[in-house]
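Using only what follows, build the 3D model:
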Amino acid sequence: MSDSIPISIYAVGMSLGILLSFSFSLCVVFGLIFPGATMYQAWLPLLPGVTWISWQSVLLGLVESFAYGWYVAVIFVPAWNFFSRRASA
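The predicted structure is shown next:
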């Protein structure tokens, strides 16, 4: 079997953080364009302190979304690297 190459926690953390922040931004824009759709009610419980809608709340939502991306990376990358090494051994 081939040697496994570990994935970078920085690359995954930044990628997921940006992806989730971008997704949050799209949800905010969608909610402003279509106020009757009430998409924001789905993510309000997941983002403590975020309300609908103010500049402070949007900034906090972006920061928390980015942090969630890093949280996933901190859990996922070491697990992936560990199990990837074991599978190739």
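
Which positions within stretch 79-89 qualify as buried?
By neighbour count with 16 or more other Cβ atoms under 10 Å, stretch 79-89 contains the buried residues 80-81. All C-beta atoms are positioned from the backbone trio N, CA, C, and that covers glycine.

Mind giving me the packing neighbours of the helix or strand residue 19 falls within?
Element membership for residue 19, per DSSP states H and E: helix 9-33. Helices and strands touching helix 9-33, by 3 or more Cβ pairs under 8 Å, 6 or more residues apart in numbering; DSSP states H and E, are helix 40-43, helix 55-88.

So which helix or strand of this structure has the lowest pLDDT on average?
helix 40-43 (a mean of 82; mean pLDDT, DSSP states H and E).

Which neighbouring elements make contact with it?
Short answer (3+ Cβ pairs under 8 Å, 6+ apart): helix 40-43 packs on helix 9-33.

Quick one: neighbours of the closest residue to residue 84 other than its chain neighbours, just the number.
By the measure of Cβ to Cβ, 6 or more residues apart in numbering, the closest residue to residue 84 outside its immediate chain neighbours is residue 4, 4.2 Å from it. Residue 4: 15 surrounding residues under other Cβ atoms under 10 Å.

And the one 3 residues further on, by the same measure?
Neighbours of residue 7 under the rule other Cβ under 10 Å: 15.

Same check on residue 32?
When neighbours are counted by other Cβ under 10 Å, residue 32 registers 11.

same check, this time on residue 13
20.

What separation do you get for it and residue 39?
The spacing between residue 13 and residue 39, counted by Cβ to Cβ, to the nearest Å, is 26 Å.

now residue 47
In terms of Cβ to Cβ, residue 47 sits 13 Å off from residue 39.
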